[in-house]
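Asks: Quick one, fold the following:
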Amino acid sequence: MNVYIKLKSVGKKRPILDNIPYTLPDNLVSLRQLIEAIVRQEVSDYNNRKTESMLVPFLTETEISDKSIVGKVGFGRLYSDNKACPEKASETALQGFEDGLFRVMVGEKEAVNLDEPLELHENDTLVFIRLTFLAGRLF
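Replies: Sure, this is the predicted structure:
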């Protein structure tokens, strides 16, 4: 099933990532399965990246501009050969959802329970909203 994923952060007008096409398995029936499927795919992509061996790394003006929109300008380099564990990453993501670190919108509806039935349709837009805790005192 093809969907679009958008990442947002509270307080930012522009999304971090805007409508990224994503392919998901057709048999997802809950938010828990959706998060686990996305995490497994992202961990697989991360583990399949190669460590760079450029002698003289550089970024073009276009790359700097593109990366500054996301909020992190870097070479995208892996400095370690350690692989991520999909099971541990899934546990962490699910715990993050339960702790209120992010919210998930499927179309116009918020998915609030990890195990309630989830209706996904072809070309739906999934929005992941990263919440930020405020620091300081109120008088």
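Asks: Next up, the contacts around residue 29.
Replies: Neighbouring residues of residue 29 by CB atoms under 8 Å, 6 or more residues apart in numbering: 117, 118. For glycine as for every other residue, the C-beta is placed from the backbone atoms N, C-alpha and C.
Asks: I'd like the distance between it and residue 118.
Replies: The gap separating residue 29 from residue 118 is 6 Å, by CB to CB, to the nearest Å.
Asks: Over to residue 49?
Replies: Distance from residue 49 to residue 118, by CB to CB: 30 Å.
Asks: Give me the more crowded residue out of these two.
Replies: residue 118 (18 against 10; other CB atoms under 10 Å).
Asks: and that one, what pLDDT?
Replies: The pLDDT attached to residue 118 in the predicted structure is 92.
Asks: Give me the mean pLDDT for stretch 24-41.
Replies: On average, stretch 24-41 scores 94.
Asks: Give me the buried stretch members for that stretch, please.
Replies: Judged by neighbour count using 16 or more other CB atoms under 10 Å, the buried positions of stretch 24-41 are 24, 28, 31, 32, 33, 34, 35, 36, 37, 38, 39.
Asks: May I ask which helix or strand encompasses the last one?
Replies: Going back to what we said before, that points to residue 39. Take DSSP states H and E as the rule and residue 39 turns out to sit in helix 31-48.
Asks: which stretches of the protein have low pLDDT?
Replies: 11-17, 50-58, 70-72, 74-80, 134-139 (pLDDT under 70).
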